[in-house]
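# need a structure here:
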Amino acid sequence: MASTTTTRPTTRSATGSAAARKRGEAAVRGPLFRAPAWLEGPMTSSQLVLGSAGLLLSIGLVMVFSASSMESALNDGSPWAPGLKQVAVALAGLIGMFVALRLPVGHLRRWSGIALLLSFVLLMAVLVPGIGKELNGARQWINLGVTDFQPSEFTKLVFALWGAHVIAVRERWLTTSSLLVPVLPVFAMLSGLLILEPDMGAVVSLGLVLAGLLWAGGISGRLIACGVGIAAGIVALMVALAPYRLARVTSFLDPFADPLGDGFQAVRGLYALATGGFWGVGLGNSRMKWNLLPHAESDYIFAIIGEELGFLGCLVVITLYGVLAYAGFRIARRSADRFIQLASIAITVWLIGQATMNMGYVVGLLPVTGVQLPLVSAGGTSMVITLFIVGLLARFARSEPEAIAHLRAHRQAVPVGRLGRLGRWLLPVPPNAVDPLPTVGRRRPTADAQRRPAGRTVARVRDGRAPAPAAPVAPPARQTGRDRPTGRSAPARTPSHTPSRDQGAPRPRTDRPARPR
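Numbers count the residues shown, from 1 in each chain. Got it, this is the predicted structure:
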């Protein structure tokens, strides 16, 4: 008698089929969160940079007016004078921003080395008595009569551009040594000059620029960990050697241990934030700005924002910095130029890192370093340099391939009269996504010279890729007696590629009739 067996599906297979069905339905529906369409537009990067920076600048001007008016009035001055001075500095910075929008990227790269030498000269000049201006025990400024110039702010920008140029040039032979040299020795020399001022906050900010360059250059995680350990050891040594730095660290750990001494500023900043609460006490109603909180308009302006505008005002400021950080990294991701990628990341890490340090020591999470809040704190050189950097980021954003195509199509569709000649002059369309280095003082290369192998120079890239090196030309074969012409010379073949005499290659000889024996 034959027995029949019945095969039943197991629970495991049923569960697997159900999971596969759910995955298929999820794939059909798409992702749970989809970014809005405008966020992927060709001009989004430029709009995010200019929009977030403009809002931060507006908030900063209003808060500087509010934070500095009472202190100026108590010192028998005009309550409007510090705010009007900040407006004048912001106007100068806006002029620098529009200049940066028109700067060719190739010229930035070419003159970055000369600007670095100039920064060395300025950092050494500020240490000379009579040239450098000493304030609160530090010699960090050069008096220009109208305002004070701080060379350390200029040095940070120059080091970011020069470092990006050097790493981009050495990209074809990129190793650990080529990534660290000469960027790391130059950073050490600049930091030594800044320590002599002394300006520890500028050293930390310059370290942020270095970290952004090395991270964008592709340094390994092991070397990053070693660098962080070495930097921590150096900072610990510097803190141990300087009593006032040690006092700052100990007051950060417990500011209420000495509320009238080293922890005075930190405690008053915490009181300002606690008074503001969620909604704030209202714009202009701060109590700490009545000369109770030192440097309320510069170093501790975030505390005044928290007191007058509350937690919501602080959240708006933090969100705007987050948008600026997203825009900077987006420019680096979408750009076809390696220099723009490196410079955008270095500048973004510097700005956002400095803002994080400022807000961190105001809320008591970090030791007081004295760095300013970019685009918000009162300052002369820092405000002008930061707005110039914003212009550079917007210029880099307009060099994205999608942005160039969109701008060209828009310029062709809109007549000159509607757009305006001033608009075309202020916001030009970049000619290329990758700007070549300008050849100043040299003759313009011919079409044949552009096809030659680049050798150990900057590779001419197009669409973000370096061209393949041309095949070397073989020398003409030696003729035998059987192959030699007897009467007239044979027509010489023109090689497909002839190396130039400047490259040191031998010139190909022309076939000549052999002499009769």
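
# OK, contacts around Val203?
Neighbour list for Val203: 191, 194-195 [criterion: Cβ atoms under 8 Å, 6 or more residues apart in numbering]. Yep, even glycine has a C-beta here, placed from its N, CA and C like the rest.

# just checking, it is part of a helix?
Yes: inclusion of Val203 in a helix is indicated when DSSP: H, G, I helix; E, B strand; the rest coil is applied.

# between the contacts of Val203, which is closest to Ser66?
Leu194 (31.9 Å; Cβ to Cβ).

# Drop anything exposed from the contacts of Val203.
191, 194 (16 or more other Cβ atoms under 10 Å).

# Among the contacts of Val203, which one sits closest to Gly83?
The nearest one, if we look at those relative to Gly83 and count by Cβ to Cβ, is Leu194, at 30.1 Å.

# For that closest one, what is the enclosing helix or strand?
helix 183-195 (DSSP states H and E).

# Buried residues, that helix. List them.
Using 16+ other Cβ under 10 Å as the test for burial, helix 183-195 gives 183, 186-187, 190-191, 193-194.

# what's the closest of those to Leu270?
Using Cβ to Cβ, the buried residues of helix 183-195 come closest to Leu270 at Leu194, 29.3 Å.

# Quickly note the distance from the closest one to Phe388.
Computed with Cβ to Cβ, to the nearest Å, the distance linking Leu194 and Phe388 is 20 Å.

# before we move on, what about Gly322?
Distance from Gly322 to Phe388, by Cβ to Cβ: 22 Å.

# of the two, who's got more company?
Neighbour count, other Cβ atoms under 10 Å: between Gly322 and Phe388, Phe388 has more, with 21 against 13.

# Chain neighbours aside, what residue packs nearest to that one?
Gly96 (4.1 Å; Cβ to Cβ, 6 or more residues apart in numbering).

# Pretty sure the one you found sits against Leu392.
No: applying Cβ atoms under 8 Å as the test, Gly96 and Leu392 come out as separate, 9.8 Å apart.

# Next secondary structure after the helix or strand containing Ala325?
Following DSSP H and E, one finds Ala325 within helix 301-334. Following helix 301-334 in sequence order, the next helix or strand is helix 338-362 (DSSP H and E).

# That next one relative to helix 301-334, how many degrees between them?
160 degrees (axes from the mean of the first three to the mean of the last three Cα atoms, to 10 degrees).

# Apart from its neighbours in sequence, what residue is nearest Thr275?
Closest to Thr275 by Cβ to Cβ, 6+ apart is Glu307, at 5.3 Å.

# can you pull the contacts of the most centrally placed residue in the chain?
By Cα atoms, centre = their mean, the chain has its centre lying nearest to Ile347, at 1.6 Å. Ile347 makes contacts with 157, 160, 209, 212, 328, 389, 392-393, as judged by Cβ under 8 Å, 6+ apart.

# and the residue lying closest to Leu135 once chain neighbours are set aside, which of the three is it?
Closest residue to Leu135 apart from its sequence neighbours, by Cβ to Cβ, 6+ apart: Trp141 at 6.8 Å. State at Trp141, reduced to three classes by three-state DSSP: strand.

# Ok, Leu437 next?
With three-state DSSP as the criterion, Leu437 reads coil.

# okay, it: pLDDT?
Leu437 is assigned a pLDDT of 76 by the prediction.

# excluding its backbone neighbours, what's nearest it?
Of all residues not flanking Leu437 in the chain, Gly106 sits nearest, at 5.1 Å (Cβ to Cβ, 6+ apart).

# Neighbours of Val363, how many?
Counted with other Cβ under 10 Å, the neighbours of Val363 add up to 15.

# That one and Leu273 touch, don't they?
Yes: Val363 lies in contact with Leu273 (Cβ under 8 Å); the separation is 6.7 Å.

# who touches the residue nearest to Thr275 in this structure?
272-273, 275-276, 280-281, 286-288.

# where's Val267 relative to Ala303, distance?
Distance from Val267 to Ala303, by Cβ to Cβ: 11 Å.

# higher neighbour count, the two?
With neighbours defined as other Cβ under 10 Å, Val267 and Ala303 compare such that Ala303 has more, 29 against 17.

# For the more buried one, list the residues it contacts.
Contacts of Ala303 (Cβ under 8 Å, 6+ apart): 268-270, 272-273, 288, 293, 296, 362.

# give me that answer again for 7 Å
Shown in contact with Ala303 (Cβ atoms under 7 Å, 6 or more residues apart in numbering): 269, 272-273, 288, 293, 362.

# Tell me the one of these nearest Ala232?
After measuring the contacts of Ala303 against Ala232 - Cβ to Cβ - the closest member comes out as Val362, at 22.8 Å.

# any idea where the strands of this structure begin and end?
In the chain, the strands defined using DSSP state E lie at 132-135, 138-143, 148-149.

# Looking at those strands, spot the one closest to Leu427.
That would be, of the strands of the chain and by Cβ to Cβ, strand 148-149, which comes in at 29.1 Å.

# partner strands of that closest one, parallel or antiparallel?
strand 138-143 (antiparallel) (DSSP bridges).

# angle of the partner strand against helix 183-195?
If you take the same axes, to 10 degrees, strand 138-143 sits at 90 degrees to helix 183-195.

# buried stuff in strand 138-143?
Buried, per 16+ other Cβ under 10 Å, within strand 138-143: 139-142.

# out of the contacts of Glu307, who's nearest Val429?
Gly280 (43.9 Å).

# Touching, the closest one and Cys314? I think so.
No: between Gly280 and Cys314 there is no contact, the gap being 9.2 Å when judged by Cβ atoms under 7 Å.

# any idea how far the closest residue to Leu210 other than its chain neighbours is from Thr175?
Of all residues not flanking Leu210 in the chain, Phe187 sits nearest, at 5.0 Å (Cβ to Cβ, 6+ apart). Going from Phe187 to Thr175 by Cβ to Cβ gives 18 Å.

# I'd like to know how many residues surround Ile305.
30.

# typed the wrong thing, it's Ala225
Neighbourhood size, Ala225 [other Cβ under 10 Å]: 10.

# do you know how far it is from Leu184?
16 Å.

# ends of stretch 371-385, how far apart?
14 Å (Cα to Cα, to the nearest Å).

# Tell me who's in contact with Gly380.
The contact partners of Gly380, taken as Cβ under 7 Å, 6+ apart, are 89, 147-148.

# mind redoing it with 6 Å?
Residues in contact with Gly380 (Cβ atoms under 6 Å, 6 or more residues apart in numbering) are 89, 147.

# in stretch 302-322, what's buried?
302-310, 313-314, 317, 320-321.

# re earlier: count the residues that sit near the residue nearest to Phe388.
Residues lying near Gly96 (other Cβ under 10 Å) number 20.

# circling back to that earlier point, closest one to Ala240 among the strands of the chain?
strand 138-143 (19.6 Å).

# Can you tell me what sits against the closest one?
By Cβ under 6 Å, 6+ apart, the list of residues contacting strand 138-143 from outside reads 126, 132-133, 148-150, 197-199.

# 10 Å instead?
Here strand 138-143 makes contact (Cβ atoms under 10 Å, 6 or more residues apart in numbering) with 122-123, 125-129, 131-135, 147-153, 194, 196-202, 370, 380-381.

# Now, of those residues, which are buried?
Neighbour-count burial (16+ other Cβ under 10 Å) applied to the contacts of strand 138-143 gives 122-123, 126, 132-133, 149-153, 194, 197-202, 370, 380-381.

# What about these, which are in helices?
In this view, those that belong to helices under DSSP state H are 122-123, 151-153, 194, 200-202, 381.
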